[in-house]
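Asks: need a 3D model of the following:
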Amino acid sequence: MKVLCVLLLSIFVFAVVGKTYFEENFNDDAWKGRWVESTFKGSEAGNWVHTAGKFYLDENDKGIKTGTDARFYQLSAVFDEFSNKDEDLVFQFSIKNEQRLDCGGGYIKLLPAGVDQQNFNGDSPYNIMFGPDICGSTRRVHVIFNYKGENYLINHNIPCETDIYSHVYTLIVHPDQTYEVLIDNVSKRTGSLTEDWDFLGPKEIKDPNQSKPEDWVDEKTIVDPEAVKPEGWDDIPQFIADPEAEQPEDWDEELDGDWEAPLMPNPEYQGEWVAPRITNPDYKGPWEHPMIPNPDYVHDSEIYSYTTAGVGIEIWQVKSGSIFDNVYVGNDVAYAKSVAEKIVELRDHEKALQAAEDEAERAEREAEMARLEAELEEEEEEEGHTHDEL
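Replies: Numbering: from 1, shown residues only. Prediction:
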């Protein structure tokens, strides 16, 4: 019995062990052997820099940084094909925009099998595109799924990080067709694939055979048919002669002509008469179009499922300096969370180092200002002594 229990426990543990289909931390110089740079853009392609960045916990913990301004970056890596059918899909990576990105992409794509890596470009098919995109007022996390050959963007805005520190972006897709987007291990959006994307179209549509009846009354108020304009309403002028105005003493009728008092707004003038409105006794309220089931709607319980065999970075940046790192593709939510925790620790360390540098620069500026003020005071004293001697 004990042996059986141990065996069953072993089987259970094996069953829940997470899978990692692809992981890249870019720490070794051999990363270029694992990734292929596309030649599609030719001279318009930017170069990649292997670096840990300005601030780091470990100088050997490197990533790849976009190194040329106003260039395209098209890079991909392939791995053994897998399907996430009946299991979670976790897609995670970190990015640090040291240049304080103001216009450019920071997202990564999951790719199907068969991608032409040498010609990988913006028209190459992908399964999912995920990550931050910043350009002008656009500052959002893209979550785009390909469904039956069409790319669908999430119907909600998820703000992205815009500072100069490392941040980790995580997308989790569950077999029950729910999803979660996290930034720095903090949940930013959860929901349903069928509700937050327009993959399947509406379940109901307006009945094409129904239309608003011609005699339907949806005007809430009407002009009072019994209202009558008051007698003499139009006889009241808009302007009248100012009764308090007096002819100037120097007015010469022979030279200036007859004097006329200036006009002023008539306080009794009420404007153009408009008949009052009353509640329409025939009002039926707004007409609502009857809905019917959409004959083109077909439920799909496997929207979440993809066959994936690669990852790719395909972006344009006006100002380079984004460091990509810590790419993970698998189904192990707990492991992805543990990796993200280390990136959050790095982010906090970067903030502390930046604060220390800012403080040192502030102190240096203050010291320089104090030195200049002291020199100025010394010069003024010397000029004063010279003036006294003269």
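Asks: centroid residue for this protein?
Replies: Among the residues of the chain, residue 140 comes closest to the average C-alpha position under CA atoms, centre = their mean, at 1.6 Å.
Asks: and that one, how far from residue 152?
Replies: Residue 140 sits 15 Å away from residue 152 when distances are taken as CB to CB, to the nearest Å. For glycine as for every other residue, the C-beta is placed from the backbone atoms N, C-alpha and C.
Asks: against which helices or strands is the helix ranked longest in the chain packed?
Replies: With DSSP state H applied, the helix covering the greatest number of residues in the chain is identified as helix 333-389. Judged by 3 or more CB pairs under 8 Å, 6 or more residues apart in numbering; DSSP states H and E, the packing partners of helix 333-389 are strand 89-97, strand 166-173, strand 322-330.
Asks: the inter-axis angle of it versus strand 322-330?
Replies: 170 degrees (axes from the mean of the first three to the mean of the last three CA atoms, to 10 degrees).
Asks: which secondary structure state is assigned to the residue in the chain sticking out farthest from the centre?
Replies: Outermost residue of the chain with respect to the C-alpha centroid, by CA atoms, centre = their mean, is residue 254; its distance is 77.9 Å. With DSSP: H, G, I helix; E, B strand; the rest coil as the basis, the three-state label of residue 254 is helix.
Asks: next, work out how far apart it and residue 261 are.
Replies: Spatial separation of residue 254 from residue 261 under the definition CB to CB is 20 Å.
Asks: helix, strand, or coil at residue 49?
Replies: The assignment at residue 49 comes out as strand when based on three-state DSSP.
Asks: pLDDT wise, what is it at?
Replies: At residue 49 the predicted local confidence, pLDDT, stands at 98.
Asks: now do residue 261
Replies: According to the predicted model, the pLDDT of residue 261 comes to 89.
Asks: try residue 332
Replies: pLDDT recorded at residue 332 is 98.
Asks: how many neighbours does residue 335 have?
Replies: Neighbour count of residue 335, defined by other CB atoms under 10 Å: 18.
Asks: list the contacts of it.
Replies: 18, 20, 328 (CB atoms under 8 Å, 6 or more residues apart in numbering).
Asks: give me the nearest residue to the first one, chain neighbours excluded.
Replies: The reference is to residue 18. Distances taken as CB to CB, 6 or more residues apart in numbering put residue 332 closest to residue 18, at 2.4 Å, once the chain neighbours are dropped.
Asks: next one: the last one
Replies: Spatial nearest neighbour of residue 328, chain neighbours left out: residue 92 (4.4 Å); criterion: CB to CB, 6+ apart.
Asks: tell me who's in contact with the one you found.
Replies: Contact analysis of residue 92 by CB under 8 Å, 6+ apart lists 168-171, 326-329, 336, 339-340.
Asks: now residue 282. Nearest residue, chain neighbours left out?
Replies: Residue nearest to residue 282 in three dimensions, not counting chain neighbours: residue 217, with 4.5 Å by CB to CB, 6+ apart.
Asks: residues near the one you found, how many?
Replies: The number of residues packed around residue 217, counting by other CB under 10 Å, is 14.
Asks: now do the SS call for it.
Replies: Applying three-state DSSP to residue 217 yields a three-state assignment of coil.
Asks: dump the residue contacts of the closest residue to residue 213 other than its chain neighbours.
Replies: Nearest in space to residue 213, with sequence neighbours left out and distances taken as CB to CB, 6+ apart, is residue 287 at 7.8 Å. Residues in contact with residue 287 (CB under 8 Å, 6+ apart) are 212-213, 216, 218.
Asks: and residue 287, how far from residue 370?
Replies: With distances defined as CB to CB, the gap from residue 287 to residue 370 amounts to 77 Å.
Asks: low-confidence ranges, the stretch 51-200 of the chain, go.
Replies: Across the stretch 51-200 of the chain, no stretch falls below the confidence threshold (pLDDT under 70).
Asks: how about the strands in the stretch 51-200 of the chain?
Replies: Taking DSSP state E, counting those that start in this stretch as the criterion, the stretch 51-200 of the chain contains strands spanning 63-66, 71-83, 89-97, 103-105, 108-111, 128-135, 138-147, 150-153, 166-173, 178-183, 186-192.
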